[in-house]
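Asker: Predicted model follows, preceded by the sequence.
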Amino acid sequence: MSLSRRQRLRLVRGGVYAATVVALVLILLAVDWGALGGALFKWEIVRDQFPDILTNALRNTVIFTIFGFIGGLSLGLLLAIMRLSSVKPYRWFAATYIEVLRGIPLLVTLLILGFGIPIATGWQWPNPYIQGSVPLALVAGAYIAETVRAGIEAVPRGQMEAARSLGMSYTRAMATIIIPQAFRIIVPPLTNEFVLLIKDTSLISVLGVTASTLDLARFGRNGVNDTANATPLVVAGLVYLALTIPLTQLAAWMERRSKAGRR
Amino acid sequence: MTDVLVRIESLHKRFASNHVLRGINLEVSRGEVVCIIGPSGSGKSTLLRCVNMLETPTEGKVFVDGVELTDPDCDLDRARTSTGMVFQSFNLFAHMSVLDNVTIALRKVLKQDRATAEEKAKKLLARVGLAEKASAFPAQLSGGQQQRVAIARALAMEPKVMLFDEATSALDPELVGDVLRVMRELAEEGMTMLVVTHEMDFARGVADRVVFMDGGVVVEDGHPDQVIGNPREERTKQFLANVRQRD
């Protein structure tokens, strides 16, 4: 049997398509849709999630995310500048901080800071928002630092030289010339960091929360316990998507636009 | 006695094992236009960058208007306001309008208010023929226009000496003329200029003195008609022959 390369390729591809269709049909037929829908997306339960899921859970997730992001961005900017500093101890400190905080799972850092510190020192976190946001910001700062550093390094060297040649100090040049341009470069990756942070807030609930400070994930989990049905988790997942999809699309759009602009 | 504005004394610069400048002595008088020519890698750009300390010399001294920039106690940020620099790659601030490019140092370094700075910037932009481009962004301008904005930006600080680092080397041939015209006018107005260039016609027509560098030393230093027209040193002859061949 002699088939040309192209004929053989077409045959293989046709086979893969056919097998996929058959598999999908079998799954569609095998699944008990009524039972699945009843367990994962029961209308009465979906309805019961509102408005609390928005007014309480979503609100808390957004609060944790924004506190975490603002803290993480400030810390990340500071760490990035230290990492690029000519002062060696600054560089070492920033490099070590970034390595350590990125190398430990967020869950472990949350537990150490949220529980470990109060146990070790007797000091108590003033409120659950701070207890959750501060560890989140400390870890986000380590990730954002690397993003900001990449952005600063992507600004052409001549920009700093031009600024210095006009008599600007290093700090002034950084603040007015380099960092504004670096931020333009890193807006898309920074948006992605923000999306990661939204999802990471779901870990904060391990610290134990009061009814008024529970986040989307915990709200969903509690809902499962209350209703003996998985619908609340599915609804929580959908609310997460309503937050994250527009943002990732925005980041992708900005990335495409900046690539087009550079041409 | 002439009024020396820039004095370079036995200047050395090493990059790791690469000995780029090997003992340069050079003086530029007030109002003088000095062109530095030489093959690539001869150290002429490095020399220019040592004059405003964008490169820190390994040895030797640099004085501008009596201030020693190589003194460790020298306030470099302040000293650099008396040296304007124009770069091969323009280096306009990409996130700012043309007007802001010219005013930013006036506002942030000299602490002038926006209105005063903008009035001055507009005059300078008119002088380089770009008054109507004040609100444009660098990316919207041609290379020649960007370089003229860069000249206006440097002039805004009212420097005592202007340093040109191959200001026309990155330009398309048809855009070189506009930039050279601005530089020529500046020279005619009496600005002290230290110009690293490959434009032999400019050097010959505008410079008061031409310095030929090779291998990190000054090989020949004299009147343009002599250095370019009738060089004494073999290396200078060789270089000029190569340049002419290229044209």
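Answerer: Thanks, I have the structure now.

Asker: Check which residues of the helix or strand where residue A:246 lies are buried.
Answerer: For residue A:246, the host element (DSSP states H and E) is helix A:231-262. For helix A:231-262, burial by neighbour count (16 or more other Cβ atoms under 10 Å in any protein chain shown) applies to A:231-236, A:239-240, A:243-244, A:251, A:254. Every residue, glycine included, has its C-beta placed from N, CA and C.

Asker: count of residues packed around residue 17?
Answerer: No chain in the question, so chain A it is. Neighbour count for residue A:17, taken as other Cβ atoms under 10 Å in any protein chain shown: 10.

Asker: Correction: the question concerned chain B.
Answerer: 5.

Asker: any idea which element the closest residue in space to residue A:186 that isn't next to it in sequence lies in?
Answerer: Distances taken as Cβ to Cβ, 6 or more residues apart in numbering or on different chains put residue A:151 closest to residue A:186, at 3.7 Å, once the chain neighbours are dropped. Per DSSP H and E: residue A:151 is located in helix A:128-154.

Asker: Quick one: mean pLDDT for that helix?
Answerer: The average pLDDT for helix A:128-154 rounds to 95.

Asker: helices or strands next to that helix in the packing?
Answerer: Contact here means 3 or more Cβ pairs under 8 Å, 6 or more residues apart in numbering or on different chains; DSSP states H and E; on that basis helix A:128-154 packs against helix A:59-83, helix A:88-103, helix A:106-111, helix A:179-200.

Asker: Comparing those, which comes out most buried?
Answerer: When the helices and strands packed on helix A:128-154 are scored by mean count of other Cβ atoms under 10 Å in any protein chain shown, the highest mean neighbour count falls to helix A:59-83 (a mean of 20).

Asker: now that helix: how far from the chain's centre is it?
Answerer: 12 Å (Cα atoms, centre = their mean, to the nearest Å).

Asker: Count the residues that sit near residue 148.
Answerer: This is for chain A. By the measure other Cβ under 10 Å, the count of residues near residue A:148 is 27.

Asker: was after chain B, sorry
Answerer: Neighbourhood size, residue B:148 [other Cβ under 10 Å]: 29.

Asker: Ranking helices and strands of the chain by mean pLDDT, which lands last?
Answerer: If you meant another chain, say so; for now it's chain A. Here the helix or strand of chain A ranked lowest by mean pLDDT, DSSP states H and E is helix A:33-40, holding a mean of 84.

Asker: Where does the residue of chain B most remote from its centre fall, secondary structure wise?
Answerer: Distance to the chain centre peaks in chain B at residue B:115, reaching 28.6 Å (criterion: Cα atoms, centre = their mean). Taking DSSP H and E as the criterion, residue B:115 maps to helix B:114-127.

Asker: for that helix, which positions count as buried?
Answerer: B:117-118, B:120-122, B:124-125, B:127.

Asker: Show me the shaky parts of the chain.
Answerer: By default, I'm working from chain A. Scanning chain A for pLDDT under 70 picks out A:1, A:260-263.

Asker: hmm, I had chain B in mind actually
Answerer: For chain B, the ranges with pLDDT under 70 are B:1-2, B:246-247.

Asker: Residue B:131 against residue B:122, yeah?
Answerer: Yes. The pair residue B:131 / residue B:122 is scored as a contact, 6.5 Å apart, by Cβ atoms under 8 Å.

Asker: that older thread, now what about the least confident helix or strand of chain A, what contacts it?
Answerer: A:229-231, A:234 (Cβ atoms under 8 Å, 6 or more residues apart in numbering or on different chains).

Asker: Relative to chain B, which residue of the stretch 1-150 of chain A is the closest?
Answerer: In the stretch 1-150 of chain A, the residue that lies nearest chain B is residue A:86 (12.0 Å; Cβ to the nearest Cβ).

Asker: what about that residue, which SS state?
Answerer: Three-state assignment for residue A:86 (DSSP: H, G, I helix; E, B strand; the rest coil): coil.

Asker: Chain A contacts on chain B?
Answerer: Proximity of chain B to chain A, by Cβ under 8 Å from any Cβ of the partner chain, involves residues B:52, B:54, B:77-78, B:80-81, B:83-85, B:87, B:89-95, B:104-105, B:108-109, B:139, B:150, B:153-154, B:157.

Asker: What subset of those is buried?
Answerer: B:52, B:54, B:77, B:80-81, B:83-85, B:87, B:89-95, B:104-105, B:108-109, B:150, B:153-154, B:157.

Asker: from those, which ones fall inside strands?
Answerer: Of the positions in those, B:83-85 sit in strands, assigned by DSSP state E.

Asker: Got the phi and psi for the residue of the stretch 1-150 of chain A closest to chain B?
Answerer: Torsion angles at residue A:86 (phi, psi; degrees, to the nearest 10) stand at phi -90, psi -10.

Asker: Just give me the neighbour total for it.
Answerer: By other Cβ under 10 Å, the residues close to residue A:86 number 7.

Asker: what do you get for residue A:178?
Answerer: 22.

Asker: ok, now how distant is it from residue B:154?
Answerer: 19 Å (Cβ to Cβ, to the nearest Å).

Asker: need the residues of chain A near chain B, please.
Answerer: Counting by Cβ under 8 Å from any Cβ, chain A sits next to chain B at A:156, A:158-159, A:161-169, A:172, A:176-177, A:180-181, A:184, A:261.

Asker: Quick check: ChimeraX command selecting the buried ones in these.
Answerer: A single ChimeraX command is used to select the members of these judged buried by 16+ other Cβ under 10 Å:
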select /A:159,161,162,163,164,165,166,167,168,169,172,176,177,181,184
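
Asker: okay, stretch B:146-153 in PDB with CA atoms only?
Answerer: Extracted in PDB, the C-alpha atoms of stretch B:146-153 (Å, rounded to 0.1, in the frame of the first residue of the first chain):
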ATOM      1  CA  GLN B 146      13.800  63.400  17.400                       C
ATOM      2  CA  GLN B 147      17.400  64.400  17.400                       C
ATOM      3  CA  ARG B 148      16.500  68.100  17.000                       C
ATOM      4  CA  VAL B 149      14.200  67.800  20.000                       C
ATOM      5  CA  ALA B 150      17.000  66.100  21.900                       C
ATOM      6  CA  ILE B 151      19.200  69.100  21.100                       C
ATOM      7  CA  ALA B 152      16.500  71.500  22.300                       C
ATOM      8  CA  ARG B 153      16.100  69.400  25.500                       C
END
